[in-house]
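1. requesting a structural model of the entry that follows:
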Amino acid sequence: MVLSNAAIELYDEIPHKKEKPKPKKKVPASGGAPAELTSGVIFTAIGAYVGKHPELVGQVGSSYLFKLTGPDSAWTVDLSGGAGSVSPGVVGKPACTLELSDSDFLDMTSGKADPQKLYFGGKLKISGDVMASQKLTFLQKVDKADVAAALAESGGLSGGADEATPSAPTSGAIFTAIGAYVTQHPELVGQVSSSYLFKLTDPDSAWTVDLGSGAGSVAAGKVGKPACTLELSDSDFMDMTSGKADPQKLYFSGKLKISGDVMASQKLTFLQEIDPKEVEKALKEMVDKPSAAAVAAAPAREPAAPAIFAKLANRLTEAPELADEVQATIRFSISEPEAHWVVDLSGTPGAVIEGELRNDLEVHTTLALSDEDLEALASGEAAAKDLFQRSRLSVEGDISVAHRLGFLNNLA
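-> The predicted model follows:
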């Protein structure tokens, strides 16, 4: 039977009651809502268990990639060598890949869903060394204390990481390094005379490398009308640019799809000339702050924060009861461009204040995010939880307030 013994009953290790859902109660600003159990919490607890039980490597002798969707995340559980490890993202070449939704993973680990039924119902896909999936019974032994510790540390928003950790090169660092290389070699425009759109998956991202005009540029997202589009996974892109994977083999194996001006793709050999030191430099800049190259390459846009908070002020005038649903004062620290706003919802009718916090107000929560991500949050294109998982939203103070941001809905 496939994965017949891997019904991971982590919830049974934590005291809880199985009751019918009850209407949500308002949470006082000074209280804090109970943290939410997420896939990130589970994997953090698994990592703690593996750290305490290195003998698992000898018992299991395999590695696993969990690819979750809605929200997307990936985790590698490596028990094939060393002391074993649990890491966010795709690490190495896992022997067995398990694909399922984030919610089905949580149901499976809580015992609400049977792995075998998920598999035969098409909700759980297993590829690679399928037999290795039967060795996952150790997950049943994860210490409840580790789960509780991971849950407390997460504050209720933490989830899986669908991006590589800051200590490892990422596709974003590669493209930032490419941007620096293009700046240093403007002659590439004359040599290549084309523009490219790279569409990566797992995690999803898009980058435009324009060598068809001006001095050339590299920008996040789709810019203009690129002549050639290349579609491949993030990991295959990393292997291709590092020389581990041959582009031609990726193409003929179906892992690299090229559309538009296919011949233009043969002019991308310069990608292999990128200095590894430039990648390291770009990676460091991404950790410390947005790189100058990335900021310069980003298309100009009008700040969204002023309009969003102006609409919020009007909304509070029309519906002052919104403050009762939040009962907190929130400081928004906006970047790109830098701005500060305070939303006082600690009492009716509430107020929106531009600038730093007034001396007579006590801040309960500080939310730090970019102007663009604020716009995505206010328009419904992104959820606070997803932004938090991608390290694009930081929360300080009472993290439960980050669950009560409905007052921003449809403001952009």
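2. can I get stretch 210-218 as PDB, trimmed to CA atoms?
-> The C-alpha trace of stretch 210-218 is given here as PDB (Å, rounded to 0.1, in the frame of the first residue of the first chain):
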ATOM      1  CA  ASP A 210      16.100  43.400 -22.300                       C
ATOM      2  CA  LEU A 211      19.100  43.500 -24.600                       C
ATOM      3  CA  GLY A 212      17.200  44.900 -27.500                       C
ATOM      4  CA  SER A 213      17.400  48.600 -26.700                       C
ATOM      5  CA  GLY A 214      19.300  51.300 -24.800                       C
ATOM      6  CA  ALA A 215      22.000  50.100 -22.500                       C
ATOM      7  CA  GLY A 216      20.100  46.900 -21.600                       C
ATOM      8  CA  SER A 217      18.200  46.200 -18.400                       C
ATOM      9  CA  VAL A 218      17.000  43.400 -16.100                       C
END
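3. where does this structure have low pLDDT?
-> 1-37, 129-169, 261-301, 356-360, 389-391 (pLDDT under 70).
4. and A305, what does it touch?
-> F332, I334, A339, W341, D371, L374 (C-beta atoms under 8 Å, 6 or more residues apart in numbering). Bear in mind the C-beta positions are built from the backbone N, C-alpha and C, glycine included.
5. now list the buried members of the residues you listed.
-> Neighbour counting over the contacts of A305 (16 or more other C-beta atoms under 10 Å) leaves F332, I334, A339, W341, D371, L374 as the buried ones.
6. so of these, which ones are in helices?
-> Per DSSP state H, helices hold the following members of the buried ones among the contacts of A305: D371, L374.
7. save the buried ones among the contacts of A305 as JSON lines, and put in distance to D104 too.
-> Output for these, formatted as JSON lines (distance: C-beta to C-beta, whole Å):
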{"residue": "F332", "distance to D104": "34"}
{"residue": "I334", "distance to D104": "36"}
{"residue": "A339", "distance to D104": "40"}
{"residue": "W341", "distance to D104": "38"}
{"residue": "D371", "distance to D104": "35"}
{"residue": "L374", "distance to D104": "31"}
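8. from the buried ones among the contacts of A305, which single one is nearest A74?
-> Nearest to A74, judged by C-beta to C-beta, of the buried ones among the contacts of A305 is L374 at 26.6 Å.
9. now do the buried residues in stretch 203-211.
-> Under 16+ other C-beta under 10 Å, the buried positions of stretch 203-211 are P203, S205, A206, W207, T208, V209, D210, L211.
10. the fifth one and A219 touch, don't they?
-> Yes. With contacts defined as C-beta atoms under 8 Å, T208 counts as touching A219 at a distance of 5.1 Å.
11. bridged to S394, which residues?
-> A368 (DSSP bridges).
12. going forward, count from 728.
-> Right, with 728 as the first residue, what we last looked at is S1121.
13. residues contacting it?
-> Counted by C-beta under 8 Å, 6+ apart, S1121 has contacts L1094, A1095, L1096, F1115.
14. which one (most neighbours) among the residues you listed?
-> Using other C-beta atoms under 10 Å as the neighbour test, those are led by L1094, with 25 neighbours.
15. for that one, which non-adjacent residue is spatially closest?
-> Spatial nearest neighbour of L1094, excluding adjacent residues (C-beta to C-beta, 6 or more residues apart in numbering): F1059 at 5.4 Å.
16. likewise I901?
-> T968 (5.5 Å).
17. wait, is that neighbour part of a helix?
-> Yes. Assessed with DSSP: H, G, I helix; E, B strand; the rest coil, T968 lies in a helix.
18. okay, now it: neighbour count?
-> For T968, using other C-beta under 10 Å, the count is 21.
19. who does the residue nearest to L1094 bridge with?
-> The partner residues for F1059, given DSSP bridges, come to W1068, L1094.
20. so how far is S969 from it?
-> Distance, F1059 to S969, by C-beta to C-beta, to the nearest Å: 39 Å.
21. for L1120, same thing?
-> Distance from L1120 to S969, by C-beta to C-beta: 31 Å.
22. ok, these two, which is more surrounded?
-> L1120 (22 against 14).
23. please, where are all the strands along the stretch 878-1027 of the chain?
-> 921-928, 932-938, 944-947, 955-960, 984-987 (DSSP state E, counting those that start in this stretch).
24. can I get the ones you listed in CSV with distance to T836?
-> What follows is the strands of the stretch 878-1027 of the chain, written out as CSV (distance: least, C-beta to C-beta, whole Å):
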stretch, distance to T836
strand 921-928, 25
strand 932-938, 28
strand 944-947, 34
strand 955-960, 26
strand 984-987, 35
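25. all helices for the stretch 978-1127 of the chain, in order.
-> 1003-1015, 1019-1024, 1032-1045, 1049-1053, 1098-1106, 1111-1116 (DSSP state H, counting those that start in this stretch).
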